[in-house]
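In: sequence-free structure coming up:
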């Protein structure tokens, strides 16, 4: 995905972003034979000159192999659905190599953050229970929870596949009868958040995943995708004790 020229040059170590912006304003930066302008975007294949001298710009290709998708209600996270319902993969352009792997799933009635990668080793570790990555959700309920209900969710609720509990739950506000809570758990069992509330006869009217490990949904619109930043990629690999691939030397491991 092309990025603003001042960001690309600053990330490549040419100078600080403020310095690069000043050079562009002074007409000292030439891209493919034309004076650069603030806001121009680069893919990394351009010929760049600074004061007539060629610059070697290394673009972080790792960003092409991880993305966040804001899944809307009504889509499923399987690659092929026997009921022919819309799937998240129908919206996604394929990666340069391999294929997208969804990190965990969201049921058809749950929206929010879907993390996808074409790195099979990374996907496996992100989903493995031994790493205990936090999953955070925004939950909308009809009315507030009682202290007894909160205590039971923190201490553990018996489900058909064992005890499940929330590591954190906190009130986030709301208006009228609708009340929002933020909940966190460290497992990835099927529909676990909904089943915890169902076990206590508490209807969930809306459920949105807002964080998976170190990656947050952020200000996105439903159906939108975004590439991870270099800092997010480093944090994601570090969370599961993997070494990030080298910049400009990324390979699919599927």
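Out: Here it is on my side, so go on. Note that this is a predicted model, so its numbers are computed, not measured.

In: residues in contact with stretch 139-146?
Out: Contact with stretch 139-146 is made by 169, 171, 174, 177-183, 193, 197, 202-207, as judged by Cβ atoms under 8 Å, 6 or more residues apart in numbering. Where you see a C-beta, it was placed from the backbone N, CA and C, and this is true even at glycine.

In: Quick check: strands, which of the residues you listed are part of them?
Out: Under the assignment DSSP state E, those contribute 169, 171, 174, 178-183, 204-207 to strands.

In: Least confident of the residues you listed?
Out: Ranked by pLDDT, these bottom out at residue 174 (75).

In: Counting neighbours, what do you get for the residue nearest to it when sequence neighbours are not counted?
Out: Distances taken as Cβ to Cβ, 6 or more residues apart in numbering place residue 180 nearest to residue 174, at 4.7 Å, with adjacent residues excluded. For residue 180, the tally of surrounding residues (other Cβ atoms under 10 Å) stands at 16.

In: Am I right that residue 99 is in contact with residue 118?
Out: Yes. Residue 99 lies in contact with residue 118 (Cβ atoms under 8 Å); the separation is 6.4 Å.

In: what about residue 139, how many neighbours?
Out: If you count neighbours by other Cβ under 10 Å, residue 139 ends up with 23.

In: How about the one 3 residues further on?
Out: Neighbours of residue 142 under the rule other Cβ under 10 Å: 13.

In: now swap in residue 201 and tell me
Out: Neighbour count for residue 201, taken as other Cβ under 10 Å: 7.

In: Before we move on, what's the pLDDT of it?
Out: 94.

In: all numbers from here: first residue = 97
Out: Yes, from this point I'll number from 97; that puts the last item at residue 297.

In: tell me the contacts of it?
Out: Neighbouring residues of residue 297 by Cβ under 8 Å, 6+ apart: there are none.

In: what's the answer for residue 340, then?
Out: 158, 329, 330, 333, 334.

In: From these, which land in helices?
Out: Taking DSSP state H, the ones among those that sit in helices are 329, 330, 333, 334.

In: quick revisit: ChimeraX command to pick out the buried ones of the contacts of stretch 235-242?
Out: The buried residues among those can be selected in ChimeraX (16 or more other Cβ atoms under 10 Å) with this line:
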select :265,275,276,277,279,289,293,298,300,303
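
In: Tell me where the stretch 197-346 of the chain has helices.
Out: In the stretch 197-346 of the chain, the helices defined using DSSP state H, counting those that start in this stretch lie at 216-223, 243-251, 288-295, 326-335.

In: quick revisit: just among the ones in helices among the contacts of residue 340, which is most surrounded?
Out: Most neighbours among the ones in helices among the contacts of residue 340, by other Cβ under 10 Å: residue 329, with 24 neighbours.

In: That residue against residue 162, yeah?
Out: Yes. With contact defined as Cβ under 8 Å, residue 329 reaches residue 162; the gap is 5.9 Å.

In: Residue 176 and residue 149, how far apart?
Out: To residue 149, residue 176 is 53 Å away according to Cβ to Cβ, to the nearest Å.
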